[in-house]
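*Asks:* Whatever this is, show me its structure:
(4 chains)
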Number of protein chains: 2
Amino acid sequence: MITDEDAFIEEAARVIGAGMPPMAGRMWAFLAICEPPEQTAAEIATRLRASRGSVSGMARLLEQVGLIRRSRRPGDRREVFSIPPDNLHRLMEIAVFRLRQTREVAEAGLGLIADRPPESRARLREIRDFYGFFEREWPAILARMHETEQGADAAGGIGARKEAATA
Amino acid sequence: MITDEDAFIEEAARVIGAGMPPMAGRMWAFLAICEPPEQTAAEIATRLRASRGSVSGMARLLEQVGLIRRSRRPGDRREVFSIPPDNLHRLMEIAVFRLRQTREVAEAGLGLIADRPPESRARLREIRDFYGFFEREWPAILARMHETEQGADAAGGIGARKEAATA
DNA sequence: CGCGGAGTTCAGTCTTGACTGAACGTTCTG
DNA sequence: CAGAACGTTCAGTCAAGACTGAACTCCGCG
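*Replies:* Numbers count the residues shown, from 1 in each chain, chains lettered A, B, ... in the order given. Below you'll find the predicted structure:
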């Protein structure tokens, strides 16, 4: 039987976990809604109808990028997995890494066509500048996010900020 | 023989075109550095050693998301492809769409576990707020980018902005 | 109206990589 | 120390989807 929870897990894996293997996304999505928040590998495998091998591999992947945490409860030999509180900041670090990587590729391309007339290089220069902009701005954006974090749900957001930025 | 250009195309396709079919990334990368900036389907197919069918399909894909433009030179029956100047803004529109989609998934998940204690829902709430933040801030970030755009390469960037934001 | 070049479509092939499950190493337990 | 529970690894299977190439449509031209 397919529950609403199954549907959510599948959907979340597809959308939030875009780019990573489906099972990794499912695992992450399940850990976002499970009760209790910590689950053993066996529990996860059962819940997702996946092999232990798959869970092991995906756990390694997710742990590596900081999206889940692996720990042990004292007195229990089994490992438990959970989503750490700073989860999302890891996502940000990954994002900024990819911004840099992309800018560098554009940079390399510009070197490759260095002898072409400036208007021919404009396309690539734009791309380089674009990613460069985000790379530079990222810390400020993150800082702004931390400010907002305190305010919780009903925060003012964009209106106030826009004024400050363009003032 | 594999030229430096080949290497760049391959690398750029992998990094910048992550997520889309390899041939789409290659086509986009080639159009970013080719001379002249407009190329026919046949030229692209030859350059990338790809089939005409593949070029046709990838062209449709890239055109759909606004990453390339299709046009005709007067008096020439053949179509030419190029990277349009507002190329990157399309990328932004795609990005904001995905932000919203992701927030909505998190929202749906919160609805699903509405009867759980608040601390159990915290994980997902954080995720929802996170994507919500970017969704709200996106227009301001883009506005800021347009400002900077004028300044070209040697712009001051983050330093000045940070002060404005936290003032 | 027939021809040829340009573009599209689609059935078939092939590559990639996600997933499985059995074998193995490790660590606790009685 | 034997046994059991847990986690990892890896060779093999399988499915998804990227790519090809031939058939087809469309259009302008002679």
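
*Asks:* List the buried residues for stretch A:78-87?
*Replies:* Buried residues in stretch A:78-87, counted by 16 or more other Cβ atoms under 10 Å in any protein chain shown: A:80-84, A:87. For glycine as for every other residue, the C-beta is placed from the backbone atoms N, C-alpha and C.

*Asks:* near chain B, anything from that stretch?
*Replies:* Yes. Interface with chain B: stretch A:78-87 contributes A:83, A:85, A:87 (Cβ under 8 Å from any Cβ of the partner chain).

*Asks:* Straight-line length of that stretch, end to end?
*Replies:* 22 Å (Cα to Cα, to the nearest Å).

*Asks:* Let me know the average pLDDT across it.
*Replies:* The pLDDT scores in stretch A:78-87 average 92.

*Asks:* so how many other residues sit close to the closest residue to A:P84 other than its chain neighbours?
*Replies:* Leaving aside its sequence neighbours, A:P84 sits nearest to A:R69 (Cβ to Cβ, 6 or more residues apart in numbering or on different chains; 4.2 Å). Here the number of neighbours of A:R69 (other Cβ atoms under 10 Å in any protein chain shown) works out to 17.

*Asks:* and A:R69, what does it touch?
*Replies:* A:63, A:81-84 (Cβ atoms under 8 Å, 6 or more residues apart in numbering or on different chains).

*Asks:* Could I get these in TSV, plus columns for distance to B:P37 and secondary structure?
*Replies:* What follows is those, written out as TSV (distance: Cβ to Cβ, whole Å; DSSP: H, G, I helix; E, B strand; the rest coil):
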residue	distance to B:P37	secondary structure
A:E63	45	helix
A:F81	50	strand
A:S82	51	strand
A:I83	46	coil
A:P84	47	coil
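
*Asks:* what does the model give A:E149 for pLDDT?
*Replies:* A:E149 is given a pLDDT of 71.

*Asks:* Point me to the residue of chain A nearest DNA strand D.
*Replies:* A:G53 (2.9 Å; Cβ to the nearest atom of the strand).

*Asks:* near DNA strand C, which residues of chain A?
*Replies:* Residues of chain A lying close to DNA strand C (Cβ under 7 Å from any atom of the strand) are A:21-24, A:49-54, A:57-58, A:75, A:77.

*Asks:* change it to 6 Å
*Replies:* A:21-23, A:50-54, A:77 (Cβ under 6 Å from any atom of the strand).

*Asks:* does the closest residue to DNA strand C within chain A belong to a helix or a strand, and which?
*Replies:* Per Cβ to the nearest atom of the strand, A:G53 is where chain A lies closest to DNA strand C, at 2.2 Å. Taking DSSP states H and E as the criterion, A:G53 maps to helix A:52-64.

*Asks:* Buried residues in that helix, which are they?
*Replies:* A:54-55, A:58-59, A:61-62.

*Asks:* The nearest residue to A:L48 once chain neighbours are set aside in helix, strand or coil?
*Replies:* Sequence neighbours aside, A:R26 is the residue nearest to A:L48 in space, at 5.4 Å (criterion: Cβ to Cβ, 6+ apart). Secondary structure, DSSP: H, G, I helix; E, B strand; the rest coil: A:R26 is helix.

*Asks:* I'd say A:R26 and A:I9 touch.
*Replies:* Yes. Counting by Cβ atoms under 8 Å, A:R26 touches A:I9, with 5.3 Å between them.

*Asks:* so what's in contact with the two at the same time?
*Replies:* A:L48.

*Asks:* quick check, nearest of the buried residues of stretch A:78-87 to chain B?
*Replies:* Nearest to chain B among the buried residues of stretch A:78-87 is A:I83, at 5.4 Å by Cβ to the nearest Cβ.

*Asks:* can you tell if the lengthiest helix in chain A touches chain B?
*Replies:* For chain A, the helix with the greatest residue count under DSSP state H is helix A:118-151. Yes. For helix A:118-151, a contact with chain B is found by Cβ under 8 Å from any Cβ, at A:120, A:123-124, A:126-127, A:129-130, A:133, A:136-137, A:139-141, A:143-145, A:147-149.

*Asks:* Now do that helix against helix B:118-151: the angle between them, please.
*Replies:* 150 degrees (axes from the mean of the first three to the mean of the last three Cα atoms, to 10 degrees).

*Asks:* Which strands or helices does helix A:118-151 pack on?
*Replies:* helix A:87-112, helix B:22-33, helix B:87-112, helix B:118-151, helix B:158-166 (3 or more Cβ pairs under 8 Å, 6 or more residues apart in numbering or on different chains; DSSP states H and E).
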